[in-house]
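Asks: how would this look folded up:
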Amino acid sequence: MTEFTKIATIHTDLPEKFGIPRQAGLVPELTGYITFEKGYDQPEAVRGLEGFSHIWLLWQFEHGGEDNWHPTVRPPKLGGNTHMGVFATRSPFRPNPIGLSCVKLNQVEITGEGPLLYVSGIDLRDGTAILDIKPYLPYADAHPDAKAGWTEGLNTGSGGIKQTMSDAASVGLQVEIPQELMGKIPAEKREALLGILAQDPRPAYQEDENRIYGVSFAGFQVRFRVKGQVLIVEGVTGDGSF
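Replies: From the prediction side, this is the model:
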C-alpha cells in the first residue's frame, strides 16, 4: 500500500480541537492559510488554481487509524447515545485517518518561499497536515437533490436561534458578549469568534448550565457558559499570540 506524504500545512486560529466547527463552511468568517512543504512548493503546482472559488482539502487526523477505530460510532448530534456505522458518519475515528473539507479559496499568492493559499470556511486545527488539494467542480461536485440520511432535519447548531451580529453566521445559539470583553478581540476576528460560539462547541449531550467552558481562539482563551439557547461569554484572557 502506498504511504501518503504531507504536501502542505494549514495555519488557523484554532490550536485545539475544542471549538473547531463540526463541518467546513459552517463559519464562513473563519480563515486560514496553507503553506507547502519543500518539493511541493513550486508555483507551477498551483498554476490555474486561482480561477476556482472553492477547493477540496484532503488532510490527516491526529488520531484514528487501524488500531483506533470501531465499526460503529455515536454521533454527538444524536446525543451521544445512538450508534451509527462509521461509514455513515464523518467521525475522525476511521480505519484511515483522512479528513475531507471543501473550503473557499480567497487568494493564491506566489512568494519567494512558495505559494500561499488563503482560505475560509475552514474546520481544521492549526498545523493540520494536508495530503492533497483538488479544485471543487460545481458541475460534478454539487448535488442539490442529494439526501442527507440520518442528519436530515438536524440543525447545524444546538438550537434554532440565528446569531444576530452577522447574516453569515449559521443557525445555532444566541451569543452574548459584554462590550468590554468583545473589545479585547481584534475587530477582524470578531465575526469568526461569534460564528464558532454560535455553533455551540459543547458536546451535544452536555446540558449543565453552571459549567464554564473555555475555547482557544486566535491567541485568546474565551470562557463561556450556556443557559438555554443563549451562550454567555464570561471572560477573555490572552494577548492574541500563540
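Asks: Just give the closest residue to Gly85, not the sequence neighbours.
Replies: Counting by CB to CB, 6 or more residues apart in numbering, Gly85 lies nearest to Thr72, which is 5.8 Å off, once chain neighbours are set aside. C-beta here means a position set from N, CA and C on the backbone, and glycine is covered the same way.
Asks: Was I right to think Ala218 contacts Arg190?
Replies: No. In this structure Ala218 lies outside contact range of Arg190 using CB atoms under 8 Å: 10.0 Å.
Asks: Same drill for those two, tell me which one is more crowded.
Replies: Ala218 (21 against 17; other CB atoms under 10 Å).
Asks: how much space is there between the residue nearest to Gly85 and Phe93?
Replies: Separation of Thr72 from Phe93 (CB to CB, to the nearest Å): 10 Å.
Asks: and the helix ranked longest in the chain, what's its mean pLDDT?
Replies: Longest helix in the chain by number of residues, with DSSP state H as the criterion: helix 190-198. Averaged over helix 190-198, pLDDT sits at 96.
Asks: With stretch 42-62 instead?
Replies: 95.
Asks: just stretch 202-215 next, same as before
Replies: Mean per-residue pLDDT for stretch 202-215: 85.
Asks: distance between the ends of that stretch?
Replies: Taking CA to CA, to the nearest Å, the first and last residues of stretch 202-215 lie 10 Å apart.
Asks: tell me, which strand in the chain spans the most residues?
Replies: Longest strand in the chain by number of residues (criterion: DSSP state E): strand 98-111.
Asks: Buried ones in that one, by neighbour count?
Replies: 98-99, 101-105, 108 (16 or more other CB atoms under 10 Å).
Asks: nearest to Lys227, of those residues?
Replies: Ser101 (31.8 Å; CB to CB).
Asks: thinking that closest one is in contact with Trp59, fair?
Replies: Yes. At 6.9 Å, Ser101 and Trp59 qualify as touching, with contact defined as CB under 8 Å.
Asks: anything in contact with each of those two?
Replies: Common neighbours of Ser101 and Trp59 (criterion: CB atoms under 8 Å, 6 or more residues apart in numbering): Leu124.
Asks: ok, residues contacting the host helix or strand of Leu231?
Replies: Assigned by DSSP states H and E, Leu231 belongs to strand 230-238. Strand 230-238 is contacted from outside by 173-178, 181, 184-185, 197-198, 200, 212, 219-226, using CB under 8 Å, 6+ apart.
Asks: swap the cut-off to 6 Å and go again
Replies: Identification of contacts with strand 230-238 by CB atoms under 6 Å, 6 or more residues apart in numbering yields 173-177, 181, 184, 197, 219-225.
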